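S.K.: predicted model and sequence follow; I will ask about them next.
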Amino acid sequence: MKRLNSKAYILLMIAGLISFIFMNGKWSIPAMAWIFPVIFLFITRKSGPVKGILSIAVITFIAGFIHSSGFLLLGFPLDNLVCGIMSLIILAPFLVDRIFLPMFTENGSVGRKFAGTLIFPCAFATMEACMNFFPMGAFFTLSLSQVENLPFIQVASIFGQMGLSFLIAWFASTVYFVIDYLLESKEKPGADIILALKKPVCIVLAVFMAVFIYGGGRLILAQPDGDTVKIAMAQGPHVELVDGEYGDVSFKDCKAHARKAIEQAAAGGAELVLFNEEAFCISFDQEKTMKKIFSEEAKKNGMYIVAGMELYDPEEEIISDNKITCVDSDGNEMFDYTKTILVPVVEKGYYKEGDGNIHTVEMNLGGKKCNVSSVICYEGVFTRYMNRIPGGTDIHLNPSWEWEGLGDSHDHTIPLRGVENGFSTIKTTYESESIASDYMGRARVYFNPDYTGYDAVNFAYLPAEGVNTIYGAIGTPLDWIYAAGLIILAILAIRRKNSL
């Protein structure tokens with residue numbers, strides 16, 4: 001194996017840094033998610049084992065440091081340092097690949113080397129499945145930047161988010177395999193090179209053609225054509241941010257804002273109104289009165305209301321509660337739900353944790369009975385948590401409160417959950433983009449209250465019925481098929497090394 005010369009190494013380091021910075025998040029360029037793994041593989045495989053891994057460690061730390069300013073609201077430079085360190089998790093699949101690929105392919109045939117292209121994508125998808133158990137969840141995964149590539153993301157209805165990342169990573173390892181073979185076979189006749197690569201390249205092309213044919217077919221044949229539901233998206237009263245702290249809104253203003261927004265929603269013909277996370281910041285003693293207002297307005301206007309509330313103790317003797325309450329069109333409370341997965345640093349220790357009981361309730365919407373579920377903001381990032389939502393859900397609500405440092409990562413996550421599980425999604429957000437999408441991930445409404453105004457109520461039409469998906473039926477076990485594949489490949493690699 002030829003090592004990189006100094007010039008090629010420096011060029012790849014620069015290209016790797018640029019592509020990784022722009023592969024996801026607030027500066028997302030979707031093509032970079034396909035490019036940076038190819039560059040990283042050349043660095044790790046064409047350098048010494050230690051040098052290669054340390055090189056991409058430097059890249060990921062610098063990129064995380066630059067990219068993640070404001071991500072955790074810790075301030076500079078602590079926020080940047082923490083996010084730079086967190087980015088190092090991306091090393092795991094490259095390290096696994098560097099260990100097992102030489103064992104698997106050393107002195108092997110072209111067919112064996114092509115089979116070795118599966119090690120890296122299996123390792124990458126396994127890492128993403130494991131990230132469900134880490135504090136930041138799926139924010140840094142390959143597939144999030146592809147949410148506007150509608151034909152491609154439809155395969156998530158079968159294999160979930162990890163399936164998309166597996167395909168992107170397999171593309172990268174296949175590109176490396178082809179380029180490396182061409183570089184190592186300069187002395188061979190062109191006909192021999194074509195003959196050797198023809199089968200592997202055709203297999204990969206056939207898989208990706210099948211993915212896009214399935215996606216295109218699903219977009220055409222399974223598109224919603226039935227009844228729709230008109231849902232209002234409303235924000236809580238605007239809160240001024242002064243010196244890093246949010247100001248207070250009087251209880252009187254909270255009540256007036258709630259009534260005004262609900263009446264606007266009703267005047268617009270909405271059947272359900274969804275307020276953002278923590279739309280109304282009130283004391284525990286004021287909760288009963290606030291719920292009475294929701295009940296009165298719901299009954300008066302014949303509509304469902306789902307509203308986020310932050311409940312606090314003025315004496316600070318009781319930990320705060322981040323919850324949503326749901327009221328039916330007769331004014332009866334359907335459920336209360338407390339946020340269970342809390343954002344590290346920002347929420348952990350400030351709010352109490354919920355019991356993880358995700359409610360799915362039946363609502364009469366669009367002339368039909370719809371099953372509606374809801375979690376709060378950050379919880380939608382975790383596939384393992386979202387997989388608790390029962391099949392047959394038609395619409396999923398995600399009231400959120402975000403900040404600029406998050407970029408569009410969360411905007412991309414929620415529609416992808418809808419493709420996986422076959423339900424339409426609606427995310428009403430404070431301080432960032434709100435989005436409503438159908439079960440194919442197509443955005444029906446997209447707006448930012450900083451521009452539309454916090455007193456404005458926006459409307460979205462969503463399908464009244466969801467669809468069944470394979471991933472929705474099986475869920476979490478599908479996330480771990482890549483780990484099983486990786487274990488099998490690792491065992492084969494070790495056995496082969498011991499037999500040589």
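M.R.: Received, thanks.
S.K.: check the secondary structure at the most centrally placed residue in the chain for me.
M.R.: With distances taken as Cα atoms, centre = their mean, residue 413 lies nearest the centre of the chain, 2.9 Å away. At residue 413 the chain is in helix, as set by DSSP: H, G, I helix; E, B strand; the rest coil.
S.K.: contacting residues for residue 444?
M.R.: With contact set as Cβ atoms under 8 Å, 6 or more residues apart in numbering, residue 444 has these partners: 436, 437, 438, 460, 461, 462. (Glycine included, C-beta is placed from N, CA and C.)
S.K.: could I get those as JSON lines with distance to residue 44?
M.R.: Compiled in JSON lines, those are given as follows (distance: Cβ to Cβ, whole Å):
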{"residue": "436", "distance to residue 44": "41"}
{"residue": "437", "distance to residue 44": "37"}
{"residue": "438", "distance to residue 44": "40"}
{"residue": "460", "distance to residue 44": "45"}
{"residue": "461", "distance to residue 44": "48"}
{"residue": "462", "distance to residue 44": "44"}
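S.K.: could you tell me which of the residues you listed belong to strands?
M.R.: 436, 437, 460, 461, 462 (DSSP state E).
S.K.: pull the most distant pair out of these.
M.R.: Across the ones in strands among the contacts of residue 444, the longest distance by Cβ to Cβ is 11.7 Å; it joins 437 and 461.
S.K.: the two: who's more crowded?
M.R.: Relative neighbour count places residue 437 above the other of residue 437 and residue 461, with 27 against 16, counting by other Cβ atoms under 10 Å.
S.K.: do a quick rundown of the helices in the stretch 151-300 of the chain.
M.R.: Along the stretch 151-300 of the chain, the segments classed as helices by DSSP state H, counting those that start in this stretch run 156-184, 190-221, 251-267, 287-301.
S.K.: let me know which of the ones you listed is tucked in deepest.
M.R.: helix 156-184 (a mean of 22; mean count of other Cβ atoms under 10 Å).
S.K.: that helix vs helix 190-221, what angle?
M.R.: Counting by axes from the mean of the first three to the mean of the last three Cα atoms, to 10 degrees, helix 156-184 points 160 degrees away from the direction of helix 190-221.
S.K.: list of residues touching the strand or helix carrying residue 35?
M.R.: Assignment of secondary structure by DSSP states H and E places residue 35 within helix 32-45. The contact list for helix 32-45 (Cβ under 8 Å, 6+ apart) reads 1, 4, 9, 12-13, 15-16, 19-20, 22-24, 52-53, 55-56, 59, 94, 97-98, 101, 120, 124, 142-143, 145-146, 168-169, 171-173, 175-176, 180.
S.K.: now the helices of the stretch 151-300 of the chain as JSON lines including distance to residue 48 and mean pLDDT?
M.R.: Compiled in JSON lines, these are given as follows (distance: least, Cβ to Cβ, whole Å; pLDDT from 0 to 100):
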{"stretch": "helix 156-184", "distance to residue 48": "17", "mean pLDDT": "95"}
{"stretch": "helix 190-221", "distance to residue 48": "27", "mean pLDDT": "94"}
{"stretch": "helix 251-267", "distance to residue 48": "61", "mean pLDDT": "96"}
{"stretch": "helix 287-301", "distance to residue 48": "62", "mean pLDDT": "97"}
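S.K.: between these, which one is closest to residue 449.
M.R.: That would be helix 251-267 among those, by Cβ to Cβ, at 11.7 Å.
S.K.: show me what the closest one is packed against.
M.R.: The elements that helix 251-267 packs onto, with contact taken as 3 or more Cβ pairs under 8 Å, 6 or more residues apart in numbering; DSSP states H and E, are strand 228-234, strand 272-275, strand 280-283, helix 287-301.
S.K.: the ones you listed: which one's closest to residue 372?
M.R.: Using Cβ to Cβ, the helices and strands packed on helix 251-267 put strand 272-275 closest to residue 372, at 7.8 Å.
S.K.: what about stretch 346-353, start to end distance?
M.R.: The first and last residues of stretch 346-353 sit 13 Å apart, counting by Cα to Cα, to the nearest Å.
S.K.: now it: buried residues?
M.R.: Burial within stretch 346-353, assessed by neighbour count using 16 or more other Cβ atoms under 10 Å, is assigned to 347, 351, 352.
S.K.: quick one: what helix or strand has the nearest residue to residue 81 once chain neighbours are set aside in it?
M.R.: If you skip the residues right next to it in sequence, residue 81 has residue 65 as its closest partner in space, 6.9 Å away by Cβ to Cβ, 6 or more residues apart in numbering. With secondary structure defined by DSSP H and E, residue 65 is part of helix 49-67.
S.K.: ok, back up a step: residue 362 is nearest to which of the helices of the stretch 151-300 of the chain?
M.R.: helix 287-301 (15.7 Å).
S.K.: give me the angle between that closest one and helix 251-267.
M.R.: Counting by the same axes, to 10 degrees, helix 287-301 lies at 20 degrees to helix 251-267.
S.K.: with just CA atoms, put helix 287-301 into PDB.
M.R.: The C-alpha atoms that make up helix 287-301 are tabulated as PDB, following Å, rounded to 0.1, in the frame of the first residue of the first chain:
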ATOM      1  CA  GLU A 287     -51.300  26.100  36.300                       C
ATOM      2  CA  LYS A 288     -54.900  25.400  37.300                       C
ATOM      3  CA  THR A 289     -56.100  28.800  36.100                       C
ATOM      4  CA  MET A 290     -54.200  28.400  32.800                       C
ATOM      5  CA  LYS A 291     -55.700  25.000  32.100                       C
ATOM      6  CA  LYS A 292     -59.100  26.400  32.800                       C
ATOM      7  CA  ILE A 293     -58.500  29.000  30.100                       C
ATOM      8  CA  PHE A 294     -57.500  26.200  27.700                       C
ATOM      9  CA  SER A 295     -60.600  24.300  28.600                       C
ATOM     10  CA  GLU A 296     -62.900  27.200  28.100                       C
ATOM     11  CA  GLU A 297     -61.400  28.200  24.800                       C
ATOM     12  CA  ALA A 298     -61.400  24.700  23.500                       C
ATOM     13  CA  LYS A 299     -65.100  24.200  24.300                       C
ATOM     14  CA  LYS A 300     -66.000  27.700  23.100                       C
ATOM     15  CA  ASN A 301     -64.300  27.200  19.700                       C
END
